[in-house]
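In: I'd like to go over a predicted model; first the sequence, then the structure.
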There are 2 protein chains.
Amino acid sequence: MQKTSLSQEIHQLHADICSALADPTRILILYSLAEGSSTVNELVTHLEASQPTISRHLKILRERGLVSANRQGQTVEYSLTDPRIIDALDTLRAVLRDSLARRANLITS
Amino acid sequence: MQKTSLSQEIHQLHADICSALADPTRILILYSLAEGSSTVNELVTHLEASQPTISRHLKILRERGLVSANRQGQTVEYSLTDPRIIDALDTLRAVLRDSLARRANLITS
DNA sequence: TGGACATATATGGATAAGCAGATATATTAA
DNA sequence: TTAATATATCTGCTTATCCATATATGTCCA
């Protein structure tokens, strides 16, 4: 498998998408955008993080194609590029839930 | 949202699962295990990585509940804990594919 | 028209924490 | 002891956050 550098590059890009999801703040941003586009300031208010922090996270999500930016005069509206990102996050959340339940059973039984 | 530390902790665990996927070698391990359980040495041979490297990646996947270890005498068989992990990875791969296609169109058009 | 200023967003630099790989070594079972 | 797997330690690289500042757009007003 993965002998060619092209295939390695695909796996790297795949990992890059996953690492874009590997931060609680970015997960919150994505779920927030799933309910509708937001400006940077709306996200700052909603998620209670500093403006530079939100902007940096948005940059990462933007570079990896997960969100799109759209300037509307003074503000910039961010939106989810692909709703399947939420599907994937939900699936992983379900995996997490069952994993925690399994561990809990190991303790109680 | 996410005011309580419990909810923050869930988001952290969610991010931890995602960060387990955020490495090309671990993605290869997961796809490999999706086709059947393997021992550590089989993965080392198959993925052409060093044994300590594979073991460390397996530890990360194990701690986050994505794979299970099962000692069989001298060897340890690793298997996928939940096939939905592959569903999520496939979904993200599809998102990646479309994202790359979109960028390609931007260039050609 | 053209500043001067205000608001919204992005970025640069520094610091600190986390993570991947390599080598060497410890553990476990036969 | 040997084979299989796990871990410890070190090194270098990536990343998150903070603070300060830069950029971009819009408004007010002479």
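Out: Structure's in. What do you need?
In: check which helices and strands the helix or strand harbouring residue A:76 is in contact with.
Out: According to DSSP states H and E, residue A:76 maps onto strand A:75-80. Under the contact definition 3 or more Cβ pairs under 8 Å, 6 or more residues apart in numbering or on different chains; DSSP states H and E, strand A:75-80 sits against helix A:24-34, strand A:38-39, helix A:40-47, strand A:67-72. For the C-beta atoms, the positions are set from N, CA and C on the backbone; glycine is no exception.
In: quick one: the shortest one near DNA strand C?
Out: Yes. Part of strand A:38-39 sits close enough to DNA strand C to count as contact by Cβ under 7 Å from any atom of the strand, namely residue A:39.
In: does residue A:26 really touch residue A:20, like I thought?
Out: Yes. Contact criterion Cβ atoms under 8 Å: residue A:26 and residue A:20 qualify, at 6.4 Å.
In: need the residues touching each of these two.
Out: A:60-61 (Cβ atoms under 8 Å, 6 or more residues apart in numbering or on different chains).
In: what comes up buried for stretch A:76-83?
Out: A:77-78, A:80-82 (16 or more other Cβ atoms under 10 Å in any protein chain shown).
In: around DNA strand D, pick out the residues from chain A.
Out: A:19, A:22-23, A:25, A:49-50, A:52-53, A:56-57, A:60, A:71, A:73-74.
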